[in-house]
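Trainee: Give me coordinates for this.
(chains A, B, C and D)
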4 protein chains.
Amino acid sequence: MTEQVQALLGKEFPCLDKGFVRLIDVMGDDSAIVQAARVSYGAGTKKVLEDRGLIRYLMRHIHTTPFEMVEFKFHVKLPIFVARQWIRHRTANVNEYSGRYSEMKDEFYVPAPDQVRAQSVTNKQGRSDDLFAPEEAERIRTLMSDTQDTLYAEYQDLLGTNLAREIARINLPVSNYTEWYWKVNLHNLFHFLRLRIDAHAQYEIRVYGQAMAEIVRAAVPMAYEAFEDYMLHAQRFSRKELLAIRSMLISGTPEDSILEAAGLKGREAQEFISKLEDLAQL
Amino acid sequence: MTEQVQALLGKEFPCLDKGFVRLIDVMGDDSAIVQAARVSYGAGTKKVLEDRGLIRYLMRHIHTTPFEMVEFKFHVKLPIFVARQWIRHRTANVNEYSGRYSEMKDEFYVPAPDQVRAQSVTNKQGRSDDLFAPEEAERIRTLMSDTQDTLYAEYQDLLGTNLAREIARINLPVSNYTEWYWKVNLHNLFHFLRLRIDAHAQYEIRVYGQAMAEIVRAAVPMAYEAFEDYMLHAQRFSRKELLAIRSMLISGTPEDSILEAAGLKGREAQEFISKLEDLAQL
Amino acid sequence: MTEQVQALLGKEFPCLDKGFVRLIDVMGDDSAIVQAARVSYGAGTKKVLEDRGLIRYLMRHIHTTPFEMVEFKFHVKLPIFVARQWIRHRTANVNEYSGRYSEMKDEFYVPAPDQVRAQSVTNKQGRSDDLFAPEEAERIRTLMSDTQDTLYAEYQDLLGTNLAREIARINLPVSNYTEWYWKVNLHNLFHFLRLRIDAHAQYEIRVYGQAMAEIVRAAVPMAYEAFEDYMLHAQRFSRKELLAIRSMLISGTPEDSILEAAGLKGREAQEFISKLEDLAQL
Amino acid sequence: MTEQVQALLGKEFPCLDKGFVRLIDVMGDDSAIVQAARVSYGAGTKKVLEDRGLIRYLMRHIHTTPFEMVEFKFHVKLPIFVARQWIRHRTANVNEYSGRYSEMKDEFYVPAPDQVRAQSVTNKQGRSDDLFAPEEAERIRTLMSDTQDTLYAEYQDLLGTNLAREIARINLPVSNYTEWYWKVNLHNLFHFLRLRIDAHAQYEIRVYGQAMAEIVRAAVPMAYEAFEDYMLHAQRFSRKELLAIRSMLISGTPEDSILEAAGLKGREAQEFISKLEDLAQL
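Mentor: The predicted structure is shown next:
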């Protein structure tokens, strides 16, 4: 583990009003990806590609298994409704705080004023960019907070009657914070980040995605750069869209100056030209 | 699909106060398990064992893959806190109702009077068998129900201000009902049932486990019987416990009358005798 | 199950010289995908999109879980080296013929004359398009076949000495045919097909992919069409490639005639325009 | 990582005639299991149980998720037929040497003289304990070895004609050695070990299981001890077997001296007594 990653261990990255992400442990780094890939290729590609080039090649060609050889473990504190979206990523290991064993804590999420927003008209599942009037946003926040206080007091009252914890907690809201250890390999973590950093993800989980992305960038800088270039900022076009793009192109072959300006060279430039040739065949 | 299973399709099995389990589809039956097992064994065991014997053999010897060849799909309506326990079973497919796309419904779980119970002293995660006084149980139930009404009214008010659904719902409690389609193979379903029918499971998820168990028993009667005999009602003893049991035995070899009374014969009796011999070697 | 799919059940689709794919069972069809998606969206999208439109929307936006609600079970006969590539797809259920329980059969793969090809120069993992001279190809095929005969005779001799099957088989070659039942959900099957129908996949597994693709197309025609448009014949461009494409475009906005010619309309046309706008922001 | 584990890193544990297991990396140790479990239980069990007791409790009660928080990565060299059994454990990450990219090496497994054994009569899938006559065993070994030489020479000849590697290798036998990186969490590794250390596993994979077991024992000694007591050397009795055992017991309650002799005390003794009480209720 590099000193830089060592320095990250245990550090709390605050998320939302009361949550956090903490890196607990990492197995492997960029060189572990290379090491595993070289086992597959044997003498076949030994030393042909230097490490960064190999990692980028693997990412570009969706050779995902070497990325599975790196593992991250996080400690996360998050609202239950965020946990419910997060847990849908099944290929991971989880130990969550249990409201059956222990008392839930008096910690609830209240959106910041700039996140109190109207329903989006175009996106059925999201919020719009329109802010509420400040006093209205504040009214809503106070209402939410007061309700949370009431619910927690009621929870405490029920525990006071000696009602079983597993029943007493059923009226606690999904804004209540929970905690877990979450362990995942880098391939699945990239998949998580791609979906959860995306603008379509709910803001509250995006914040956690962004915090983890910073940690991952520090731990496996080459892999993260490749992820950004070939996954996060890549764009997929459907068959029909490719037809439209073909009609919109000045030429079916890029001039050298265009390749150069885009930073495409060597094998990567060849692959691009070959994609354009495929376009002509469509 | 047998007529009996056909008759189960779509039928609501009520669970808790407002939930249900409905069988949506099944792929395969007892014979599908046998069919898959016979591929593995090839001519090796063809016709040596009849179907029921083969299924029992597979279950007894933890040959789990043929049970994966049967698949169940359920539609389930359940409180969020039950869904949170359920979803920890990762090897399954899920489509859940989304509080981002659609309004959550005005349906909440309130425990029946006989489930309003005190915290267990011996079991840190569960409730005791002690009932509350009827009037106290009723007071708690009314309190819970009133709170749920208040929370839902508040949710409606927030939606009325045009607050985004994904934010408005954060103070809805984990007693709120949600719905999902849940698809799982028989091996993983048995694993789920074993953990969730068990007395240590929270009562509210056990109810769903029991409903599904009835459906599974009807759909794959031979496999379910084997599951009961070799998994559900089996008992595992640790190395130390085996030492203690050895000391408590009248004899290291069972008399024929004992085998007969227990219903152990043929290969199964042999396996039992062999386990006892292992005990002597411990 | 439609009559068309019913007619496919059990039918052998020949693959390679002695292998096959047979559809054993299917759970669900296009409408099962829609049904599961509608549970997620609740009243939110009910009837807004008709079935085909919804399926295409789900595929386009990588909402994969509804596709997991359809399950296929195949019986496959395939050479061991193909099985070794195939089994890397982990999210599936498998029962394979066992060379420990049963005798391996006297069936081996010999490539057809037009598949006896030279090592590719550009593709380190594949064969080139160059054919061998017919007599040389035939010589190689005969050599392979003779060796297989010798190996099987030796295997029989070893079994004749009563050597344990699990040892006697260790010199059988990876061209030996094995069989299995393979069960997988539609989402994972599409993933398999995308990788294995691809020109980079080894020819011998591609043949099986193509046979299964035909079966899938018949069983879930809408989903398969969406898979072709948005996955199989889609193309992903990296950040740099997008920069190059941007420089090559006549205009950042498509004319209506181009959209029309490409078959892009309504929501899909909007999404395309929005992708091009993102390009301008890159 | 303790010095003891550090010393294991990279060390080759020879397996069979030419194979090995090497530990490449470990994430976590006994304390990582405890740490994850304490998140689940929160204040509920903090400090009630010391580490060893907690780990044993988790194993005994099949609370498996904390064991998933430890991860092992191995480099393994193994015959293809062993790899084919191994890969059936799906919840793991693998990068295998590719016979498409690179030449397969001239290394093949030949069983040691004492493993050249007859087919078992009682166990359809295994070998008996009967050895062959030394000269017969030697004859078989020489035959195997000669065949391997011939096959490898033929492979080289085919490569010499420039036949694509992916075709040239199809007559290489399953005794040919391959290599891979294999990464797995401790819960799944214990599951692997339980099945593969077992006497029913083929000898050739058992050897690898035993080598890994030694490594695991050194890396997580408390967890390994619990695994041995509650999983590996435990015994499960079916409902019928429990009935028979009940009839064979001198008494339904163990005397203190028996508990003491078996090493059962405290909570574990209570659990045993409670199992015996359940027996009485059967």
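
Trainee: So which bits of the stretch 151-282 of chain A are right by chain D?
Mentor: Taking C-beta under 8 Å from any C-beta of the partner chain as the measure of proximity, the stretch 151-282 of chain A contacts chain D at A:179, A:180, A:181, A:183, A:185. C-beta coordinates here come from the backbone N, C-alpha and C atoms, glycine included.

Trainee: Also the stretch 1-150 of chain A?
Mentor: A:24-28, A:32, A:35-37, A:39-45, A:65-66, A:68-69, A:71, A:73, A:75, A:93-98, A:101-103.

Trainee: picking up where we left off before, when you check the residues of the stretch 151-282 of chain A next to chain D against the strands, which ones overlap?
Mentor: Among these, the residues falling in strands (DSSP state E) are A:179, A:180, A:181, A:183, A:185.

Trainee: Specify which member of the residues you listed is nearest to chain D.
Mentor: Nearest to chain D, judged by C-beta to the nearest C-beta, of those is residue A:181 at 4.8 Å.

Trainee: Show the pLDDT at that closest one.
Mentor: pLDDT for residue A:181: 98.

Trainee: Checking my notes, residue A:10 in a strand, right?
Mentor: No: under DSSP: H, G, I helix; E, B strand; the rest coil, residue A:10 sits outside any strand and is assigned coil.

Trainee: who's in contact with the residue nearest to it when sequence neighbours are not counted?
Mentor: Once flanking residues are discounted, residue A:10 sits nearest to residue A:22: 5.9 Å by C-beta to C-beta, 6 or more residues apart in numbering or on different chains. With contact set as C-beta atoms under 8 Å, 6 or more residues apart in numbering or on different chains, residue A:22 has these partners: A:10, A:11, A:12, A:13, A:74, A:75, A:76.

Trainee: Could you grab the helix/strand/coil label for residue A:22?
Mentor: strand.

Trainee: can you tell me how far it sits from residue A:120?
Mentor: Using C-beta to C-beta, to the nearest Å, residue A:22 is found at 32 Å from residue A:120.

Trainee: cool, and residue A:189?
Mentor: Relative to residue A:120, and taking C-beta to C-beta, residue A:189 is found at 28 Å.

Trainee: For the two, indicate the residue with more neighbours.
Mentor: residue A:189 (28 against 16; other C-beta atoms under 10 Å in any protein chain shown).

Trainee: distance of the more buried one from chain C?
Mentor: Applying C-beta to the nearest C-beta, to the nearest Å, the value for residue A:189 to chain C is 17 Å.

Trainee: That residue and residue D:184, how far apart?
Mentor: Separation of residue A:189 from residue D:184 (C-beta to C-beta) stands at 17 Å.

Trainee: what about chain A, any weak spots by pLDDT?
Mentor: For chain A, the stretches with pLDDT under 70 are A:43-49.

Trainee: Mind doing that once more with 90?
Mentor: A:1-4, A:40-50, A:121-125, A:130-131, A:199-200, A:252, A:280-282 (pLDDT under 90).

Trainee: hmm, back to that, want to throw the ones in strands among the residues of the stretch 151-282 of chain A next to chain D into CSV with distance to chain C?
Mentor: What follows is these, written out as CSV (distance: C-beta to the nearest C-beta, whole Å):
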residue, distance to chain C
A:179, 26
A:180, 22
A:181, 24
A:183, 18
A:185, 13
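
Trainee: can you redo these as JSON lines with neighbour count?
Mentor: Shown next, in JSON lines, are these (neighbours: other C-beta atoms under 10 Å in any protein chain shown):
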{"residue": "A:179", "neighbour count": "19"}
{"residue": "A:180", "neighbour count": "21"}
{"residue": "A:181", "neighbour count": "27"}
{"residue": "A:183", "neighbour count": "27"}
{"residue": "A:185", "neighbour count": "25"}
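
Trainee: can you pull out the strands in the stretch 51-200 of chain A?
Mentor: A:71-79, A:93-96, A:117-119, A:127-131, A:177-185 (DSSP state E, counting those that start in this stretch).
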